[in-house]
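J.: Sequence and predicted structure, then a few things I'm wondering about:
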2 protein chains.
Amino acid sequence: MGETLSTTSPENKPQSQTQRAVMLLREMVISNKLLPGSNHLEAELAEMLGMSRTPVREAAIILEGQGLVEVRPRRGIRILPISPKDMEEIYSILTELESLAAHDLAVKGLSEDELNELRSHIDEMEKALGRDDRQLWAQVDDRFHRRLIQLAGNRRLESIVSTYSDQVHRARLLTLYIRPAPHKSNADHRALVEAIAAGKADEAREIHRQHRIKAKELMIELIASHGFSAI
Amino acid sequence: MGETLSTTSPENKPQSQTQRAVMLLREMVISNKLLPGSNHLEAELAEMLGMSRTPVREAAIILEGQGLVEVRPRRGIRILPISPKDMEEIYSILTELESLAAHDLAVKGLSEDELNELRSHIDEMEKALGRDDRQLWAQVDDRFHRRLIQLAGNRRLESIVSTYSDQVHRARLLTLYIRPAPHKSNADHRALVEAIAAGKADEAREIHRQHRIKAKELMIELIASHGFSAI
DNA sequence: GTCATAAATTGCGTATGCATTAATTTATGC
DNA sequence: GCATAAATTAATGCATACGCAATTTATGAC
């Protein structure tokens, strides 16, 4: 299973050990190489990463701030599982903030180039769907959403959305192949982009909100129907 | 100037030096004892707090994650100033998330006790306003908003709102005495609580959104008219 | 066998030291 | 006098060490 829905920038060249630790541990968490619920002593991770405890500790603090792990003295660093309740919380927040971004984007307006960039992502997704290449679809879908948020120009919003997207990454990987093919999703995307292009802010917000609410309900249903109590 | 709009829990009993550092530094930042834009070497802060560099470093990482400071290697820990653009970003996010909380609260419903608790906060604010005790008003207003979010039951939302409230704390302190008395604000609060009591979710959301948008516009205007380019 | 207590283990919090390297100052050439 | 380079300074990143406290294991009483 390759890397999907990544949030890090293309430049994966960390200089400090701490940065290296953050990057490596983050990858391992969101790709399930470190299992949800598992505990890891600082010394263990330090050895695994070939560094001393100090940068591992610092990385753990950072990742804890991003909600990926929990530092529990003497019991190790715990990879946080995501319960249906967590999922609900996270999707609610993502729904609201992404809808805000859609709204602001419509108000602010986009250049023809920027609109076409978004449209070309949708085309790509459609092609991927045609071949039922869900891996690729998910990748582009993620890129589309990230770009959308980016264009809205609210850095903090971007950062929150990125953090919480990381948290549900595992769940999305898990449901990618058991969910129905996301054809309707693409129609939503097109409608959204055109609402933005037309400067219809409230409409854009509402389209995206409904889009996200559907995604959330689907996700919760899938998780429930497959009997996962946590991920 | 006393402590207002605090976000920490009543139990201010940190056990580790790191926690102590986080708490002390946070207080100093949001109360302006460490000035926005100023830089502080790890060693300097360590000495000031009577501990070694290690817990100071860890605290700096945590506070950086909360957007209060920036760690710049070899140039010290910088207390982040807030520009009008920052203010705009933060208020947009707070508006959206608090409105979501109001909405969810109306859907979920509150007990009569919980409703009365909120109402009593509003009464307190009104009394404070009568005496033009803005300090107290701000304190209760903050408590009201925090309680509202808490009751919505989305922990992550609570945490984000708390983080970003911290960031605008300084600005609120600054404008507390130059803004017009917030009479209208209280009417909004009453309307909100009654909408929640009546289970009118969309109405509650909209009332709160308008309330927040007004607050945001006022804040930006005040900041601009007083010629602050950053706080 | 169960529980309480004591001993042993071990993981963490924090201080400290040092190599690294960025920032700054001084020196040098034009 | 100015620009560039060399030298110096100094703050950090990280490894390491160590004591404390939490946890586990052992011991013994009942």
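T.: Good, I have the coordinates.

J.: measure the residue most central in space within chain A to A:Pro73 for me?
T.: For chain A, A:Ser165 is the residue whose C-alpha lies nearest the centre (Cα atoms, centre = their mean; 2.5 Å). To A:Pro73, A:Ser165 is 29 Å away according to Cβ to Cβ, to the nearest Å. Any C-beta I mention is one placed from the backbone N, CA and C, and that applies to glycine too.

J.: DNA strand C contacts on chain A?
T.: A:41-43, A:53-54, A:57, A:71, A:73-77 (Cβ under 7 Å from any atom of the strand).

J.: Near chain B, list only the ones from these.
T.: The residues of those that also fall near chain B, by Cβ under 8 Å from any Cβ of the partner chain, are A:Arg57.

J.: Can you turn the buried part of the residues of chain A next to DNA strand C into a ChimeraX selection?
T.: Applying 16 or more other Cβ atoms under 10 Å in any protein chain shown to the residues of chain A next to DNA strand C, the buried members can be selected in ChimeraX as follows:
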select /A:42,54,57,76,77
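
J.: Pick out the most distant pair among the residues of chain A next to DNA strand C.
T.: Greatest spacing in these, by Cβ to Cβ: A:Thr54 and A:Arg75 (19.7 Å).

J.: Tell me, how many residues neighbour A:Ser229?
T.: Using other Cβ atoms under 10 Å in any protein chain shown, the number of residues around A:Ser229 comes to 9.

J.: for A:Leu105, that is, sorry about that
T.: Neighbourhood size, A:Leu105 [other Cβ under 10 Å]: 27.

J.: Report the secondary structure state of it.
T.: Following DSSP: H, G, I helix; E, B strand; the rest coil, the label given to A:Leu105 is helix.

J.: Tell me which stretches of chain A form helices.
T.: A:17-30, A:42-49, A:53-65, A:84-108, A:112-130, A:134-152, A:155-175, A:183-197, A:201-225 (DSSP state H).

J.: Compare the ones you listed and give me the one nearest DNA strand D.
T.: Closest to DNA strand D of these is helix A:17-30 (Cβ to the nearest atom of the strand; 2.8 Å).

J.: Is that closest one in proximity to DNA strand D?
T.: Yes - Helix A:17-30 is in contact with DNA strand D by Cβ under 7 Å from any atom of the strand, via A:17-18, A:20.

J.: what stretches of chain A score poorly on pLDDT?
T.: For chain A, the stretches flagged by pLDDT under 70 are A:1-14.

J.: ok, now how distant is A:Ile196 from chain B?
T.: As for A:Ile196, its distance to chain B is 17 Å (criterion: Cβ to the nearest Cβ, to the nearest Å).

J.: Same check on A:Val56?
T.: According to Cβ to the nearest Cβ, A:Val56 stands 12 Å off from chain B.

J.: Show the contacting residues for that residue.
T.: Residues near A:Val56 by Cβ atoms under 8 Å, 6 or more residues apart in numbering or on different chains: A:21, A:42, A:45-46, A:49.

J.: ok, which of the residues of chain A next to DNA strand C also contact DNA strand D?
T.: Filtering the residues of chain A next to DNA strand C for proximity to DNA strand D by Cβ under 7 Å from any atom of the strand leaves A:53-54, A:73-75.
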